[in-house]
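# have a look at this prediction, sequence included:
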Amino acid sequence: MDSQGEKIHGVIKRPQLGLSRSKIRENGVYAIRDFMVMDNYYTYKATSHAYLIEFYGKTYVKDINPDTVPNSVFEFQQFEVLQTLRVVDDKQLMDVVGKVLSKCTPQNHVINGNPERLMELTLEDAEGNRLGCILWNNYIDHFLDYY
């Protein structure tokens, strides 16, 4: 995220991962140069940005003062807005806040020839709006560890 709050997906491929892992920490703030910019080709997108940045061998990473970048990385969506959309992009990740009203038992399904685990939840926001959502695979386990 830059100083205006714009977010872009960053990719570090396996050959550079070892070099970058020691330099980059989650929630750290960095100046980065010498990287490639390309179309955001991922099926499931972490940001809505049309492009992504990809590190390569000469990518330079430097720690900078965290006060120069906004603190919030969330883009919370209101339940009532999501419910009025005719089409929701199921490939775009989104942030919501709500309490869990109900959960179903995880189910096994075959989707596009692949075995998948799914679990349905019903969430409720502070205004009483309800929203259904589905957790997939390992996200079910993460959820159940806390619920």
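That came through, no problem. Since the structure is predicted, the reported quantities are computational estimates derived from the model, not experimental observations. Residues are numbered from 1 along each chain as shown.

# check contacts around the residue nearest the centre of the chain.
Averaging the C-alpha coordinates of the chain gives a centre point, and the residue nearest to it by C-alpha atoms, centre = their mean is Ala46 (4.1 Å). For Ala46, the contacting residues are 9, 93, taking C-beta atoms under 8 Å, 6 or more residues apart in numbering as the criterion. Where C-beta positions appear, they are placed from N, C-alpha and C, glycine not excepted.

# same deal with the one 4 residues further on?
With contact taken as C-beta under 8 Å, 6+ apart, Ala50 is in contact with 39-40.

# how far off centre is stretch 82-90?
Distance of stretch 82-90 from the chain centroid (C-alpha atoms, centre = their mean, to the nearest Å) equals 18 Å.

# end to end on that stretch, go ahead and measure it.
One end of stretch 82-90 sits 12 Å from the other (C-alpha to C-alpha, to the nearest Å).

# residues contacting that stretch, please?
Stretch 82-90 has contacts (C-beta under 8 Å, 6+ apart) with 94, 96, 129, 131.

# how about stretch 119-139?
Residues from elsewhere that reach stretch 119-139 (C-beta under 8 Å, 6+ apart): 78-80, 82-83, 96-107, 116-118, 140, 143.

# same thing but 7 Å
Contact with stretch 119-139 is made by 79-80, 82-83, 96-104, 106, 116-118, 140, 143, as judged by C-beta atoms under 7 Å, 6 or more residues apart in numbering.

# show me which residues of that stretch are buried.
For stretch 119-139, burial by neighbour count (16 or more other C-beta atoms under 10 Å) applies to 119, 121, 123, 125, 131, 135.

# and the two most separated of those?
Of all pairs drawn from these, the widest gap by C-beta to C-beta lies between Met119 and Asp125 and measures 19.9 Å.
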